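Undergrad: predicted model, plus sequence, below.
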Amino acid sequence: MCHLAYSSIIIYLAQHVQFENFAIVFSDRNLNIFMPTTVKLVIFRQAFLHNILERRFLSKGVIFTHTYFKFIDLFCGIGGFRQAMEHVGGTCVFSCDKNRNARLTYLANYSEEPSKNILKIKEEEIPPFDILCGGFPCQPFSLAGKQRGFEDSRGTMFFEIARILRYQKPKVVFLENVDNLVRHDNGRTLEVIVNTLDELGYDVHYKVLAASDFGVAQIRKRVYIVCFLKSLNISFQFPEPFSSDIAIEDFLDSDVDEHYFISRPDIVLYKPDLAERVHTTYRMGYIGNIGQGRRIYSAKGLSPTTVVSSRGPAGGTEAIYVNGRIRRLTPNEVRRILGFPEDFSFPVSENHAYEQLGNSVAVPVLKLIAEQIVSTGVFDEDRSDPETAA
């Protein structure tokens, strides 16, 4: 590894970033960019300056870091939120997950082992941060579960988030959960969450988004909740959906081990495979019956939502029809579909890898929301909380 000469960065900026009136100040580890807010927003919206530099220089073994804001990663799983926050210049200062195997995967990929149990973490012991991220446990609200909501101990984990917010008062809160949270208990569950955040001093924005509307080959509808301290007067919009020509077949491994294939006499194909792609799931058969883990989909369509369940011969990925054969998706393929990088690894059993992916987030959607959060200017140095400043 080598350190990049500062003059090289300046030359590169001059050649590729067409803006005037900005200055660059370097320290041993960080790059700070000082410029008018309007110019800064354009750069972060259209260019994401630090990521341009990463793509240009990190591939050559160059050390380049830029700390823009600090975040914590609660119920972190395998770090989907971290992928998104680091994409827009964030630095993680604390992470937490109760699941031992998820912590092992997190450690292998981020060189940091999360804390174990949020119930035992004192809010004052968490380092200062700007944004709280969390995909709090979804099973109590999921259609695939018993939907016991706050009656399930996992459902009360939201109030651990509230406990930390009450003490730390970060500028931003960024949460994710299953889309059924909006409908659970006739909307009363979400009402409790929104009212709690409102009472803690936050403007609350929430929206159900389908990952397939944002370049992901899986529908995966989720509710995203983004909150800003009221005193900051932030205006926020979720990203707009866009069309994309993607399908499961774009993410498949070229060499797949035989144990992923399914060959049984009770396989039923009641539709022919697609000749052309469709931007939806295309179910064409089943294995034994149409229960979970037994449905067969064309690789020319989208993937059904990956779930934690290991029921049925195809488990939580369901089965796909590829080149005349039926198999389940490999963990590597699911990882790609959900937007995790190629060098992401699973130091756990295959079953645990499937479980972790079923619990994970669609990284491309989080990245787009993160870009929207940053583009508000909430982390600009000239935008501070008047109450805190006083």
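TA: Sure, I can see it. Residues are numbered from 1 along each chain as shown.
Undergrad: between the two ends of stretch 79-94, how far is it?
TA: Distance between the boundary residues of stretch 79-94 (C-alpha to C-alpha, to the nearest Å) amounts to 12 Å.
Undergrad: please renumber the chain so that the first residue is 774 from this point on.
TA: Fine by me, first position is 774 from now on; the one you just mentioned is stretch 852-867.
Undergrad: list the buried ones in that stretch?
TA: Buried residues in stretch 852-867, defined by neighbour count with 16 or more other C-beta atoms under 10 Å: 852-865, 867. For every residue, glycine as well, the C-beta is placed using N, CA and C.
Undergrad: cool, stretch 901-910 as well?
TA: Using 16+ other C-beta under 10 Å as the burial criterion, the residues of stretch 901-910 that qualify are 902, 903, 904, 905, 906, 907, 908, 909, 910.
Undergrad: got it, and stretch 1073-1090?
TA: Across stretch 1073-1090, burial judged by 16+ other C-beta under 10 Å covers 1073-1082, 1085-1090.
Undergrad: so which of these comes closest to residue 1113?
TA: Among the buried residues of stretch 1073-1090, residue 1079 lies closest to residue 1113 (C-beta to C-beta), at 12.2 Å.
Undergrad: hmm, residue 1088 and that closest one touching each other?
TA: No: judged on C-beta atoms under 8 Å, residue 1079 makes no contact with residue 1088 at a distance of 9.3 Å.
Undergrad: shared neighbours of those two, which are they?
TA: residue 1127 (C-beta atoms under 8 Å, 6 or more residues apart in numbering).
Undergrad: picking up where we left off before, the buried residues of stretch 852-867 in strands, which ones?
TA: Within those, residues falling in strands by DSSP state E are 863, 864, 865, 867.
Undergrad: okay if I get those residues as TSV plus pLDDT and distance to residue 998?
TA: Below are those laid out as TSV (pLDDT from 0 to 100; distance: C-beta to C-beta, whole Å):
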residue	pLDDT	distance to residue 998
863	96	18
864	96	22
865	97	20
867	97	20
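Undergrad: go through these and name the one nearest residue 995.
TA: Closest to residue 995, out of all of those and judged by C-beta to C-beta, is residue 863, at 20.2 Å.
Undergrad: residue contacts, the closest one?
TA: Contact partners of residue 863, counting by C-beta under 8 Å, 6+ apart, are 841, 842, 843, 844, 903, 904, 1143.
Undergrad: can you list the low-confidence ranges for the stretch 924-1073 of the chain?
TA: The stretch 924-1073 of the chain contains residues with pLDDT under 70 at 924-928.
Undergrad: so which of the buried residues of stretch 901-910 belong to strands?
TA: 904, 905, 906, 907.
Undergrad: of these, which pair is most distant in space?
TA: 904 and 907 (10.3 Å).
Undergrad: who touches both of these two?
TA: Joint contacts of residue 904 and residue 907 (C-beta under 8 Å, 6+ apart) are residue 947.
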